[in-house]
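K.L.:
Fold the following.
(chains A and B)
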Amino acid sequence: MSNIIEIRNLVFKYINDEELETVALDGIDLNIEEGSFVVVLGHNGSGKSTLAKHLNGILQPTEGTVLVAGMDTRDEKLMTDIRRKVGMVFQNPDNQIVANVVEDDVAFGPENLGIESEEIRRRVDEALKAVDMWEFRSHAPHLLSGGQKQRVAIAGVIAMRPHCIVLDEPTAMLDPVGRAEVIETIMRLNKEQGITVVLITHHMSETIDADRLIVMADGRIIDDGTPQQVFANVQKLRDAGLSVPETTQLIFELRKEGVELPLSALSVDECAESIFKAFA
Amino acid sequence: MLKNITLGQYFPGNTFVHRLDPRTKLLIIVVYIVALFLVDKITAYLPVIVFLAISVMVSKIKLKSLVSGMKPLFVIIVITAIINLFFTSGEPIVKLWVVTITKEGVRAAVFMLLRISLLIMGTFMLTYTTAPMQLTDGLESLLGPLKKIKMPVHELAMMMSIALRFIPTLIEETDKIMNAQKARGADFETGGLVQKAKAMLPLLIPLFISAFRRADELATAMESRCYSGGEGRTKMKQLCYGAIDVTAGAAAIVLLAMVILLNTFGI
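P.N.:
Got it, this is the predicted structure:
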């Protein structure tokens, strides 16, 4: 499969509040395949949000290149095309909803692209159905729950028919119910519509179903592989200031005591089964 | 407490008046105000009152909500009427100590009372039956020709609709900050005016900072969704005039004609 995003030796430096030059991203090389579900994991200050902002040209690299479907994000003329390909969902649902009515907000993106009104109507209905918010189309956004607002924001992005959605900690401000709603929605979009998903998060539980897990620390990629491969290296994750899922934690501790268990059992059921087998 | 604040109250409905194009309603309100100010014979108020009464009945807006909306302005209306009553020179009817009430004074007071009340009620009818977003859309479309002389019409309409969108969000936030400050012993209720104003400071500063942060994030989000000003933008919900707009427009013209007619031939 082809790569929707190609990053070559990306370095990003900025001047911080104390007027010191800070390196936020330090030589990132990364390809993201079309149609994949990629999770980027890292604690605060690891550079994961900065990386996300490079994927649709909000930030431009200090050194190196970012190519979105072959287009260089440093080219101002290509910006609209790039942002059509890569949609972005942010952390705070309140600060990305523009309109007073749910459907008007979803229409905002397609309206900016200058699409005909009947086609916008069609796309808005489709997008709202895809995130399961169609019944709320004429509601005021401030009356919705956090999870619902975030799903409206996702609908606003998919109404532009992007190839890739980047979600920058979309669940950080949500309660567990809202978090589950949002994760379930983006998984479905990835599976059913083949939209590439890049999910930035620091919640371990959201990483388990990913095709690929990228771990960042101090502006570098320190690990990259399937969730099973990454979590197998418990010590490395701990060194990066990250904890592993509770299931992995349990298996890791049991292995230290000499119990033969595979580290690849990530879900609660798999874990329970492998422990059951080991002791049977 | 802050939840009760309403700005530009809107009563949703699906009546003739609600379904009118916002541009029609804006134009009608202009005609209505012109007609109202043209009146200079008392009988000429009749068509204006009838016009308002019909629109109130058709839109099923409760008279009570129309009157209660006028409460904050009640004092102003009364003061204006009283000033007109006592300070208009002319043929005296009643003389009490230093004040004289003249025939012209009574007339001027009645005129003022009617004019201001009808003006307020008429404009209330507009905001009561039109959703704020529709109003901004209508304004943007009506002021569209001004774009030719470099008036930022689209930008103004966008700012208005974003402001409307964020009012509930900021009210919620004010409530939150207020509670947080109260929990730490802040006192917003007691003291004189100066003290109360001072107490608002720890409320306003965080609110301002957060509003700026929100604005920054919103701008990034809008750019991410390919927003680049009004140029080349389309609309999902396009405004279009229908048969009902013609009917309503005709009614407004009849109103204007009646006022002019009664001004000339009435008493």
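K.L.:
list the contacts for A:Thr22?
P.N.:
By Cβ atoms under 8 Å, 6 or more residues apart in numbering or on different chains, the contact list for A:Thr22 reads A:13-16. (Glycine included, C-beta is placed from N, CA and C.)
K.L.:
again, but for A:Asn3
P.N.:
Residues in contact with A:Asn3, defined by Cβ under 8 Å, 6+ apart, are A:31-34.
K.L.:
can you check A:Leu250 too?
P.N.:
Contact partners of A:Leu250, counting by Cβ under 8 Å, 6+ apart, are A:271, A:275.
K.L.:
Look up how far A:Lys236 lies from it.
P.N.:
Noted for A:Leu250: a distance of 18 Å to A:Lys236, by Cβ to Cβ, to the nearest Å.
K.L.:
what does B:Leu218 give?
P.N.:
Taking Cβ to Cβ as the measure, B:Leu218 and A:Lys236 are separated by 38 Å.
K.L.:
What about residue 143, how many residues nearby?
P.N.:
Chain wasn't specified; assuming chain A. A:Leu143 has 11 neighbours, counted by other Cβ atoms under 10 Å in any protein chain shown.
K.L.:
look at chain B instead
P.N.:
Residues contacting B:Leu143 under the criterion other Cβ under 10 Å number 15.
K.L.:
Thought B:Pro152 was touching it, still the case?
P.N.:
No - contact between B:Leu143 and B:Pro152 fails when scored by Cβ atoms under 8 Å: they sit 10.2 Å apart.
K.L.:
And B:Thr190, its phi and psi?
P.N.:
With angles defined as degrees, to the nearest 10, B:Thr190 sits at phi -90, psi 170.
K.L.:
what number of residues lie near it?
P.N.:
B:Thr190 sits with 8 neighbouring residues when counted by other Cβ under 10 Å.
K.L.:
can you check A:Asn44 too?
P.N.:
Taking other Cβ under 10 Å as the neighbour definition, A:Asn44 ends up with a count of 8.
K.L.:
Need the pLDDT of it.
P.N.:
Among the per-residue scores, A:Asn44 shows a pLDDT of 83.
K.L.:
Surely it is in a strand?
P.N.:
No - using DSSP: H, G, I helix; E, B strand; the rest coil, the assignment for A:Asn44 is coil, not a strand.
K.L.:
where along the chain do the strands fall?
P.N.:
Looking at chain A here, since you left the chain open. A:3-15, A:21-33, A:37-41, A:63-68, A:71-72, A:86-89, A:164-168, A:196-201, A:212-217, A:220-225 (DSSP state E).
K.L.:
Correction: the question concerned chain B.
P.N.:
Under the criterion DSSP E, chain B carries strands at the ranges B:92-96, B:99-102.
K.L.:
Pull the contacting residues for B:Thr88.
P.N.:
Neighbouring residues of B:Thr88 by Cβ under 8 Å, 6+ apart: B:102, B:104-105, B:107-109.
K.L.:
redo that, cut-off 6 Å
P.N.:
With contacts defined as Cβ atoms under 6 Å, 6 or more residues apart in numbering or on different chains, B:Thr88 is in contact with B:102, B:104-105, B:108.
K.L.:
sorry, back to before: let me have the strands of chain A in JSON lines, adding mean pLDDT as columns.
P.N.:
Rendered in JSON lines, the data for the strands of chain A read as follows (pLDDT from 0 to 100):
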{"stretch": "strand A:3-15", "mean pLDDT": "90"}
{"stretch": "strand A:21-33", "mean pLDDT": "89"}
{"stretch": "strand A:37-41", "mean pLDDT": "92"}
{"stretch": "strand A:63-68", "mean pLDDT": "91"}
{"stretch": "strand A:71-72", "mean pLDDT": "90"}
{"stretch": "strand A:86-89", "mean pLDDT": "93"}
{"stretch": "strand A:164-168", "mean pLDDT": "93"}
{"stretch": "strand A:196-201", "mean pLDDT": "93"}
{"stretch": "strand A:212-217", "mean pLDDT": "90"}
{"stretch": "strand A:220-225", "mean pLDDT": "89"}
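K.L.:
any chance of those in TSV, with distance to B:Leu256 too?
P.N.:
Supplementary listing: the strands of chain A in TSV, determined by distance: least, Cβ to Cβ, whole Å:
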stretch	distance to B:Leu256
strand A:3-15	62
strand A:21-33	65
strand A:37-41	65
strand A:63-68	59
strand A:71-72	58
strand A:86-89	51
strand A:164-168	55
strand A:196-201	60
strand A:212-217	69
strand A:220-225	73
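K.L.:
Which of the ones you listed sits closest to B:Ile162?
P.N.:
Proximity to B:Ile162 (Cβ to Cβ) singles out strand A:86-89 among the strands of chain A, at 18.9 Å.
K.L.:
contacting residues around that closest one?
P.N.:
A:55-56, A:68, A:153-154, A:157, A:160, A:162, A:164-167, A:170, B:224.
K.L.:
Out of those residues, which is nearest to A:Asn112?
P.N.:
When these are compared for distance to A:Asn112, the smallest value, 8.4 Å, is given by A:Met160; criterion: Cβ to Cβ.
K.L.:
Could you find the closest non-adjacent residue to the closest one?
P.N.:
Counting by Cβ to Cβ, 6 or more residues apart in numbering or on different chains, A:Gly109 is the residue found nearest to A:Met160 once chain neighbours are left out, at 4.2 Å.
K.L.:
Count the residues that sit near that neighbour.
P.N.:
The local packing of A:Gly109 (other Cβ under 10 Å) involves 30 other residues.
K.L.:
now A:Leu30
P.N.:
By other Cβ under 10 Å, 19 other residues sit near A:Leu30.
K.L.:
Ok, A:Lys277 next?
P.N.:
A total of 12 residues lie near A:Lys277 under the criterion other Cβ under 10 Å.
K.L.:
what sits against it?
P.N.:
Counting by Cβ under 6 Å, 6+ apart, A:Lys277 makes contact with nothing.
K.L.:
Give me the distance between it and A:Val259.
P.N.:
Here the distance between A:Lys277 and A:Val259 works out to 11 Å (Cβ to Cβ).
K.L.:
What parts of chain A come near chain B?
P.N.:
Selection of chain A residues close to chain B by Cβ under 6 Å from any Cβ of the partner chain yields A:56, A:80, A:83, A:88, A:90, A:94-96, A:100, A:107-109, A:111-115, A:117, A:120-121, A:142.
K.L.:
how's chain B carved up into domains?
P.N.:
Chain B resolves into domains spanning B:2-132+B:239-265, B:146-224 when parsed by automatic domain parsing.
K.L.:
Would you convert those domains into TSV that also reports mean pLDDT?
P.N.:
Shown next, in TSV, are the domains of chain B (pLDDT from 0 to 100):
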stretch	mean pLDDT
domain B:2-132+B:239-265	85
domain B:146-224	88
